[in-house]
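Engineer: model this:
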Amino acid sequence: MAVFTIAGLTLREAVRRKTLVGAGLLGMLVLLLSCVLYFIRLRLNYNVSIGRIPAWRAEGMIYPSAISVVTLLCLAAIKSLSSLFALLLAGGVISSEIERGLLSTILPKPIPRWQILLGKWIGIQVVLISSVLVWTVLAWASLSFQTHSDRTPMLKAGAIATLFPVIFGTLTLTFSTFAQRLFGTSLAIALSALAWADGILSLLSKFYDVDILQKIARVSGFLVPQGYVSWWVEEALGGILTEMGPFGRIGSSPRLLEQTTHSLPQIERAEGVYVAVYILATFLLGVVIFQKRDV
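Structural biologist: Next comes the predicted model:
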């Protein structure tokens, strides 16, 4: 089937362009972030040794809080870097090949355009999802080694976090079917920025009692549903997070359904359906646009 041939070619192109090297460097960045906990531990031990901090407070309150903060820091880095990686990797994939005349040599053959787009999507997502999983394993292994505790929920959270590059990669790939690389990627970045700000907008709405900000936050969640996935990632961490001290959430993304009138399982099911439909609908929109475009 042409889909898998094109997916394989996309993977080879990623290797040729040193994309995997870039993914490895980003993984090293996540690993370095996890090592922040080591330096916090060293400082705590020093403060305990000179009597500045009681041992019970360092071990029972400060260090557990630091573990939670660094865990969320690593996952936040994975979410942000994978989304940015998706924008860069999928940006202009179709439009750039049209401009270079590469697709004109393929399309005259009996290969449906949807297979070309699906092959590109699969190839890109293999790179993105694999990168997120490797980054997660690096952070998990580092924090497990440093804390000598079970950090298995991080692996589940990382698996859920693969939805970030799936969402942003699909959106950017669809934009590439009608827009040049710079414009399409810029449009995806603009929508992404609006989506990432939904928690801040929601917080400002509650603090200053400005209803329009809450409505904008909800609309941004519909446009790019990364906020729902963020909730799932935190919920997957479960009991390994303790009191965050001064580092609590700055702002929470609005849920799809009201928490006051719906149970958590109902909310998560509705959000899961919406995210799945969103990804499928975004991809199908790209297929429709690509079918109508002159090459």
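
Engineer: Could you use CA atoms for every contact and neighbour count after this?
Structural biologist: OK.

Engineer: So, low pLDDT: which residues of the stretch 101-250 of the chain?
Structural biologist: When residues are selected by pLDDT under 70, those of the stretch 101-250 of the chain lie in 101-109, 242-250.

Engineer: what ranges do the helices span in it?
Structural biologist: Secondary structure of the stretch 101-250 of the chain (DSSP state H, counting those that start in this stretch): helices at 113-147, 153-161, 163-175, 181-196, 198-208, 211-223, 226-237.

Engineer: Can you lay out the ones you listed as CSV showing mean neighbour count?
Structural biologist: Converted to CSV, those look like this (neighbours: other Cα atoms under 10 Å):
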stretch, mean neighbour count
helix 113-147, 20
helix 153-161, 21
helix 163-175, 27
helix 181-196, 18
helix 198-208, 18
helix 211-223, 19
helix 226-237, 20
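
Engineer: Next, format the ones you listed as CSV and append distance to residue 81.
Structural biologist: As requested, the helices of the stretch 101-250 of the chain are exported to CSV (distance: least, Cα to Cα, whole Å):
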stretch, distance to residue 81
helix 113-147, 9
helix 153-161, 11
helix 163-175, 9
helix 181-196, 13
helix 198-208, 18
helix 211-223, 19
helix 226-237, 14
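
Engineer: between those helices, which gets nearest to residue 99?
Structural biologist: The closest of these to residue 99 is helix 181-196. By Cα to Cα, the value is 10.2 Å.

Engineer: Which elements pack onto that closest one?
Structural biologist: helix 63-90, helix 93-99, helix 163-175, helix 211-223, helix 226-237 (3 or more Cα pairs under 8 Å, 6 or more residues apart in numbering; DSSP states H and E).

Engineer: so can I have CSV of those helices showing distance to residue 286?
Structural biologist: Output for those, formatted as CSV (distance: least, Cα to Cα, whole Å):
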stretch, distance to residue 286
helix 63-90, 13
helix 93-99, 10
helix 163-175, 4
helix 211-223, 15
helix 226-237, 20
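
Engineer: Of all these, which one comes closest to residue 146?
Structural biologist: Judged by Cα to Cα, the one of these that comes nearest to residue 146 is helix 63-90, at 9.6 Å.

Engineer: Which among the helices and strands packed on helix 181-196 is found nearest to residue 145?
Structural biologist: helix 63-90 (12.1 Å).

Engineer: okay, the angle between that closest one and helix 226-237?
Structural biologist: Calculated by axes from the mean of the first three to the mean of the last three Cα atoms, to 10 degrees, helix 63-90 forms an angle of 140 degrees with helix 226-237.

Engineer: hang on, isn't residue 3 packed against residue 115?
Structural biologist: Yes: between residue 3 and residue 115 there is a contact under Cα atoms under 8 Å: 5.1 Å.

Engineer: Just the C-alphas of stretch 30-43, formatted as CSV.
Structural biologist: Extracted C-alpha coordinates of stretch 30-43, given in CSV (Å, rounded to 0.1, in the frame of the first residue of the first chain):
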residue,chain,number,x,y,z
VAL,A,30,14.7,17.1,29.5
LEU,A,31,17.2,14.9,31.2
LEU,A,32,19.2,18.0,32.4
LEU,A,33,15.9,19.4,33.8
SER,A,34,15.4,16.3,35.9
CYS,A,35,18.9,16.8,37.3
VAL,A,36,17.7,20.0,38.9
LEU,A,37,16.5,17.8,41.7
TYR,A,38,20.0,16.7,42.4
PHE,A,39,21.2,20.2,43.1
ILE,A,40,18.2,20.9,45.3
ARG,A,41,19.1,17.8,47.3
LEU,A,42,22.7,18.9,47.7
ARG,A,43,21.6,22.3,49.0
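
Engineer: Pull out the buried positions in that stretch.
Structural biologist: Neighbour-count burial for stretch 30-43 flags 30-31, 33-35, 37-38, 40-41 (criterion: 16 or more other Cα atoms under 10 Å).

Engineer: now swap in stretch 55-75 and tell me
Structural biologist: 55, 58, 62-75.

Engineer: Output stretch 211-228 in CSV with nothing but the alpha carbons.
Structural biologist: Coordinates of the C-alpha atoms in stretch 211-228 are reproduced here as CSV (Å, rounded to 0.1, in the frame of the first residue of the first chain):
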residue,chain,number,x,y,z
ASP,A,211,-16.8,36.9,31.6
ILE,A,212,-15.5,37.5,28.1
LEU,A,213,-12.1,36.1,29.1
GLN,A,214,-13.7,32.9,30.2
LYS,A,215,-15.5,32.6,26.9
ILE,A,216,-12.3,33.2,25.0
ALA,A,217,-10.6,30.5,27.1
ARG,A,218,-13.4,28.0,26.3
VAL,A,219,-13.3,28.8,22.6
SER,A,220,-9.5,28.4,22.5
GLY,A,221,-10.0,25.0,24.1
PHE,A,222,-12.4,24.0,21.3
LEU,A,223,-10.0,25.3,18.6
VAL,A,224,-7.0,23.4,19.9
PRO,A,225,-7.9,21.0,22.8
GLN,A,226,-4.5,20.7,24.4
GLY,A,227,-5.9,21.9,27.7
TYR,A,228,-8.0,18.7,28.1
